[in-house]
Structure formats: C-alpha cells, structure tokens
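Participant: Generate coordinates for the sequence data below:
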Amino acid sequence: MYKDKVTIGLMPTRRPVFKIETAREEYDVIMPIIRKQLAEYVDFVDVDDTCDQGMAAFQSDIEKVVDKFKAAKIDALFFPFCDFGCEEVVVGVAKAFMLPTLVWGTRDTVSTFEKRQKETQCGLFAATKVLLNYNVKFSYIWNCEADSPDFVKGFEKFVRVAFILKSLRNANIAEIGDRPKDFYSVIHNQQLLIQKLNITVKPITLLAIRELAFEIIKKREKEFTDYITDLKSRIDCTEVEDDFIEKLCAGTLAIEQLMKLHGCQAGAFDCVGVRMALEMTGSACAIQGELSDRGFPTACETDVWGAITQLVLTAASLGEDTEFLADWTFRHPTNENSELIWHGGPFAWSLADKTLPRKPTFRRNFRNFWEPWWEIKQGDITMCRLDELNGEYYMFIGEAKTTTGPETTGTWVWIEVDNWKNWEETLMFGPFIHHVGGIYGKYKDVITEAARYLGINVITPESPHPKSL
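Facilitator: As a prediction, the model looks like this:
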C-alpha cells in the first residue's frame, strides 16, 4: 500500500512594525500545536535557525529560507501568520517553488486606539492578493484558533492535497502491453500528459513479463513460495489448479519488479495480453488486485487515465485504504438510485467483505476462466475519473455509499447516490468512459482542491451538466 511522507516548508511570518514580543507569544502558542499535526505523514522543515525568533520578516530572509527549503526538497509550503505578516517575504519564498501553499492565522482580540495587537486577518487578505498577483495557487484555513477542529480539519485536507500533487509530480505510468484494439475509449495523448502534468508513460512489454515470470517460477525462491502460501491462506483456492496460482503470483512479482525498475508508480494493464503471455487458465485480473494491495495500482484494458485516477485516490487516502478501478455496469432492479460497480476480478482482496459467510474464492466465469469472486465491503465511498477532451482535462468526483443488491460474478459492490439520474447524465456528457476509480472514504473536497492546483476542470453530479462539451 502507498506509504510515504510529505515534507512541508514551515515559515511563520511577522511584520516588523508590530512588537516582536507579541508575535513571539503567538509563535509559542501555535507552533507546538502545528508540529503535532499528522506526525505519521508529515515532516516539517522550519526556519528556527534561519530567521530571528523563527519568524520571517525581512527581504533578506527570502534567500536564506529558499536555500534551506530547496536543500530539504520540500513538497509544500505552510505560512502561519504570527501577526500581520510580511507579504513580500511570503510571496518571495512561494514563487521560488510554486508548490502547494497554505496560509493561516488565528483570530485576534479587538485592538483599541491605544493598543494595536497583531491584525492577522488583515495581513492574510494582503498576502493572498499578492500571491494571486504572482500566480501562486494557495489554500487557506479560515481565521480560527490553532486548537480548533476547523484548523485540524483544514490542515489534514491540505496534507492530503499535497500528497496527491506529490504523487503526480514527475510520475511514470507503466503501459503494460498494447491497447485492446476495440477499446477506442482509452486512447490518450502522451505528449499532452508530459506538457500539462509532467507525467510520462513508459511501455513494458508482455515478453519481458513472460520471461521474468517464468524465471521466477523456475527458481522457486523463498519470496515466491511464501507468496503462494500467503495467497492460499487469504483466498479459497481448493478448486483451482496450482498452475494458475503459481502464474498469478509469479506474474504479480514480475510486473512489480519491472514497474520498480522503470520507476513507475502505477500502470495500465492489457489483461488479455498478460493472460495469454503467461498462459494462464484464469483471468489475469487477479494480478491487478494483488498489485493494488502491494502499492502498485494498475488499470484494466490499458487505461492510462484510469491508472492516474487510481494514483490520485490512493494519495487522497494517505494510503489508508486500497483503490480499485471498476465499470459502471447496470442499475439496481428495484432501487432507482443504485448502480452496480463491477469488474471481472481486479478488486483487491483487502477490500473483500470479510463479514460475509463465504470466503473470497475463485470461480469459473462465462468464458470458463478462473476469476476472483467476492463482494467488497460496505461504507462511504468516493468515485472519481480523470479524462481528456480537445486538449482539456476533466475530473468527475462524486460521493456515494455502498448498499446491498443481487449477487453477481467477479468482484463487485452496489452503490447508492442521492439522484442517479443526475449522475448518469453527468457521466454521459462527460467526457468520461465506463471506467471509474473508487476508494473508501469521503474525499470530494480534497480532490477538488487538488484539481484546482492542477488546472483540471471538475465536474460533479451537483454541477450543471456539461452538455456544451
């Protein structure tokens, strides 16, 4: 599963016209609270050894702070305002990086004629205008106390956004095999991906996978045999021949090794091609679910945009759950607002509903191939899809909850929404295809904020239907 940290350049700021003692009092209150936020996922790089009293206030601070943050290879910036702050220093540092940027300051007590305090909110208005002048995109937490739920929630949202942007920055997507000839819907523009998102597609041949997988089977090293034992302990394999299980595990290890070799964070997967290359008696979709649980999401049918969507979802959850890529398939027979989210086996084992009496297993599908067979768990879920049209990028985002429905084949779950008609019409006018990413949790606000940084048009079931596209 995706496990990483985001490195945040932490630069408190003050304005020299106000008393440094007052700003320092604020610093001493807010900084211990800030440093405790999401310690498992965040590394802070502060300016305590760079700026007087740990707060940037002068033009001369800019170069020193920039040098320190560059050396630390930061992923994002956070500017807590200890009073009015210094907008020229804030923008001087921010424009040197053009990374996700968070601004925030606490509420002040009301100043009197005799005693002006910090005027923090006033300074935030000034600084954000200057950031806009310099085309620096930023996030903010509204004027609230550091120990308030609003601050904790706002900071967590920013960290999740920073994780998404970090995961896409200079990302490599493995293209495993060729696009299935009938799937015109997954055609993508690689040059535009490089130019707009700095994402590179790297091909991995089916021959390379075949040769490495068969070598793994032949050598039968401990990693491979232990993996087979582990898989059989999780999934009922009693009816499945050993040859299929061995090729499933060897194929998973081979693709993971090749993705690591090429520096790929996700992949787009020719399911039929991989099955044929490995001479599998069952669906290769099972490999995709295993790869997702090992931290390497792969989209079916060589859907590069599906793979990028999966990266976004994984990062939004901070790796707390495993993503999946599904088909919109058909409507519930009795529930007007329910839809089947399905595919022929690529949903990860970790997502299977373990409360059901039957154990996750393999069954033969309508083509007489073995494929995974389990319903995934109940809960809140975020559905997302990235796609392109006429050189523009679009992102569908919707939040749903799972529900019950008729049992089917492969891997599946039923979802329920407020108004399926709105969802369906929004998706039809898209520009989106039948593939959609999903992850457990509510991340609509987080992903919308990340899309704003990326310059991606957001489309939701609640927004006007984009029929003009």
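
Participant: buried residues in stretch 280-292?
Facilitator: Along stretch 280-292, these residues count as buried under the neighbour rule (16 or more other C-beta atoms under 10 Å): M280, G282, S283, A284, C285, A286, I287, Q288, G289, E290, L291, S292. (C-beta placed from N, C-alpha, C; glycine too.)

Participant: Quick one: mean pLDDT for that stretch?
Facilitator: Confidence over stretch 280-292, taken as the mean pLDDT, stands at 95.

Participant: before we move on, what about stretch 191-210?
Facilitator: The predicted model assigns stretch 191-210 a mean pLDDT of 96.

Participant: And stretch 339-355, by the same measure?
Facilitator: Here stretch 339-355 scores 96 as its mean pLDDT.

Participant: what distance separates that stretch from the middle of the whole chain?
Facilitator: Mean-position distance between stretch 339-355 and its chain equals 19 Å (C-alpha atoms, centre = their mean, to the nearest Å).

Participant: would you list every one of the strands in the stretch 351-469 of the chain?
Facilitator: Remark: strands assigned in the stretch 351-469 of the chain by DSSP state E, counting those that start in this stretch are 361-364, 370-375, 380-389, 392-403, 411-416, 435-440, 457-459.

Participant: Which of the ones you listed sits closest to M276?
Facilitator: Comparison of the strands of the stretch 351-469 of the chain against M276 by C-beta to C-beta identifies strand 370-375 as nearest, at 14.8 Å.

Participant: what's next to that closest one, contact-wise?
Facilitator: When contacts are defined by C-beta atoms under 8 Å, 6 or more residues apart in numbering, strand 370-375 is touched by residues 235, 240, 244, 281-283, 285-286, 289, 344-347, 349, 352-353, 356, 358, 360-365, 407, 409-413.

Participant: The strands of the stretch 351-469 of the chain: which one's closest to T302?
Facilitator: With distances scored as C-beta to C-beta, the stretch of the strands of the stretch 351-469 of the chain nearest to T302 is strand 435-440 (11.0 Å).

Participant: Which phi and psi values does P346 adopt?
Facilitator: Note on P346: its backbone torsions stand at phi -90, psi 0 [degrees, to the nearest 10].

Participant: cool, D49 as well?
Facilitator: D49 has phi and psi values of phi -100, psi 10 when expressed as degrees, to the nearest 10.

Participant: That one and F224, how far apart?
Facilitator: With the distance defined as C-beta to C-beta, to the nearest Å, D49 ends up 49 Å from F224.

Participant: Between these two, tell me which one has more neighbours.
Facilitator: It is F224, of D49 and F224, that has more neighbours when counted by other C-beta atoms under 10 Å, with 19 against 8.

Participant: ok, that one - contacts?
Facilitator: For F224, the contacting residues are I216, I217, C249, A250, L253, by C-beta under 8 Å, 6+ apart.

Participant: mind checking how far the third one is from V17?
Facilitator: Same thing as C249. According to C-beta to C-beta, C249 and V17 sit 67 Å apart.

Participant: What of the last one?
Facilitator: When distances are taken as C-beta to C-beta, L253 and V17 turn out to be 63 Å apart.

Participant: neighbour-wise, which of these two wins?
Facilitator: Neighbour tally, L253 and V17, criterion other C-beta under 10 Å: the higher count belongs to L253, 22 against 11.

Participant: Can you tell me the element that one falls in?
Facilitator: According to DSSP states H and E, L253 maps onto helix 242-261.

Participant: Could you do S233 as well?
Facilitator: Since the elements are taken from DSSP H and E, S233 ends up inside helix 222-234.

Participant: Just give me the neighbour total for E424.
Facilitator: E424 has 15 neighbouring residues, counting by other C-beta under 10 Å.

Participant: Ok, R24 next?
Facilitator: Per other C-beta under 10 Å, the neighbour tally for R24 reads 18.

Participant: my guess is it is in a helix, correct?
Facilitator: Yes - checked against DSSP: H, G, I helix; E, B strand; the rest coil, R24 lies within a helix.

Participant: which residue packs closest to it, ignoring adjacent ones?
Facilitator: Closest residue to R24 apart from its sequence neighbours, by C-beta to C-beta, 6 or more residues apart in numbering: Q53 at 5.3 Å.
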